[in-house]
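>>> just the structure for this:
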Amino acid sequence: MNKSEFVAELAKKWLWDKKQAEMALDGVTDIIKDTLAKGNDITLVGFGTFTVAEKAERQGRNPKTGEAITIPAAKVPKFKPGKALKDALNG
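The predicted model follows:
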């Protein structure tokens, strides 16, 4: 499902027009991005937890040339699904 399909489903579920649904989705994603950028976690009980993990600098290889390269340290988002979400997926 892509963003426009998600917006259409959201609009249908809440009887909104697509513009309202898109604004709601954009608002939620902005809050998630801003909160993670500050280094804070987000826990949605029953759904899951968004966190930020630190990846250390490491060595890699350019697959085209085989040349050794340094991959810089980075912060990456992580998501751990909650029990209710796992249960919904597994019947």
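>>> ok, then the element right after the lengthiest helix in the chain?
The residue-count maximum for a helix in the chain (DSSP state H) belongs to helix 18-37. Next in sequence after helix 18-37, counting helices and strands by DSSP states H and E, comes strand 42-44.
>>> list the helices and strands that following strand packs on?
Contact here means 3 or more C-beta pairs under 8 Å, 6 or more residues apart in numbering; DSSP states H and E; on that basis strand 42-44 packs against helix 18-37, strand 48-55. From N, CA and C alone the C-beta is placed, and that goes for glycine too.
>>> dump the ones you listed to a markdown table, plus distance to E67, mean pLDDT and mean neighbour count.
Compiled in a markdown table, these are given as follows (distance: least, C-beta to C-beta, whole Å; pLDDT from 0 to 100; neighbours: other C-beta atoms under 10 Å):
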| stretch | distance to E67 | mean pLDDT | mean neighbour count |
| --- | --- | --- | --- |
| helix 18-37 | 33 | 97 | 13 |
| strand 48-55 | 21 | 97 | 14 |
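>>> any chance of those in JSON lines with distance to E5 as columns?
Output for the helices and strands packed on strand 42-44, formatted as JSON lines (distance: least, C-beta to C-beta, whole Å):
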{"stretch": "helix 18-37", "distance to E5": "11"}
{"stretch": "strand 48-55", "distance to E5": "21"}
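>>> these: which one's closest to K80?
Distances from K80 to each of the helices and strands packed on strand 42-44 were compared by C-beta to C-beta, and the smallest falls on strand 48-55, at 4.9 Å.
>>> the closest one pairs with which strands?
Each strand that pairs with strand 48-55, with its direction, by DSSP bridges: strand 42-44 (antiparallel), strand 74-81 (antiparallel).
>>> what's in contact with the last one?
In other words, strand 74-81. Strand 74-81 is touched from outside by L36, F47, G48, T49, F50, T51, V52, A53, E54, K55, with contacts defined as C-beta atoms under 8 Å, 6 or more residues apart in numbering.
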